[in-house]
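Visitor: Predicted model follows, preceded by the sequence.
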Amino acid sequence: MALIMPLRSFTPKIGNDCFLAENATIVGDVEMGSECSVWFNTVLRGDVNSIRIGNRVNIQDGSVLHTLYQKSTIVIGNDVSIGHNVTIHGAHIHDYALIGMGAIVMDDAEVGEGALVAAGSVVLSRTKIGPNEMWAGAPAKFVKMMEPEKSRELNQKIAHNYLFYSKWYTEGGHTSETGE
């Protein structure tokens, strides 16, 4: 069972049909929507400020979400995928965004709807990534515009795949490969 720890009079609130890996840690002022998944060795540390997560968000293995005391918060929209070993520190991530494996997104950065942050990128504090933009590098820079429909389709597919994978754990591994 995941470690869900109340702290400073805040108790994490978890939506319906969420998968929390048994060694995930969720602390303090964290509110998560429905059909989310928080994977192995992931830490959502709402000890110093709030973390708000929409519906169908997957936060993959080894990721860390944290904020600055009385300064930055995390807000994540719906149908967002946070790749393996991502660090998000006090940033806002809009609907259908994809944060690639190993990326770092710093305080007061904003990732627009349908945007893609490439694996290994470092998004510096106060960076504004617009809707459907792809950014890459360290520090991350604009690469190209993504077609809005293709971006949304890709990011929604990944979010729904992780919802599907989570059923293997919550339904005792009895879901077939076709999801039936």
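Guide: Received, thanks.

Visitor: remind me which residues of this protein are low pLDDT?
Guide: When residues are selected by pLDDT under 70, those of the chain lie in 172-180.

Visitor: hmm, try it at 50
Guide: In the predicted model of the chain, residues 174-180 satisfy pLDDT under 50.

Visitor: And for stretch 144-164, what's in contact with it?
Guide: When contacts are taken as C-beta atoms under 8 Å, 6 or more residues apart in numbering, the neighbours of stretch 144-164 outside the stretch itself are 35, 37, 56-58, 60, 79-81, 96-98, 114-116, 131-134, 175, 179. Where you see a C-beta, it was placed from the backbone N, CA and C, and this is true even at glycine.

Visitor: Which among the residues you listed count as buried?
Guide: The neighbour count (16 or more other C-beta atoms under 10 Å) marks 35, 37, 56-58, 60, 79-81, 96-98, 114-116, 131-134, 175 as buried among the contacts of stretch 144-164.

Visitor: show me where this structure has helices.
Guide: With DSSP state H, the ranges of helices along the chain come out as 148-170.

Visitor: remind me, longest strand of it?
Guide: Residue-count comparison of every strand in the chain, with assignments taken from DSSP state E, identifies strand 43-53 as the longest.

Visitor: Counting neighbours, which bits of that one end up buried?
Guide: Of the residues in strand 43-53, 43-49, 51-53 count as buried by neighbour count, 16+ other C-beta under 10 Å.

Visitor: Who does it pair with, and is each partner parallel or antiparallel?
Guide: The strands beside strand 43-53 in its sheet (DSSP bridges) come out as strand 25-32 (parallel), strand 64-66 (parallel), strand 74-76 (parallel).

Visitor: how distant is it from the center of its chain?
Guide: 12 Å (C-alpha atoms, centre = their mean, to the nearest Å).

Visitor: cool, and stretch 87-100?
Guide: Using C-alpha atoms, centre = their mean, the distance from the centre of stretch 87-100 to the centre of the chain it belongs to is 6 Å.
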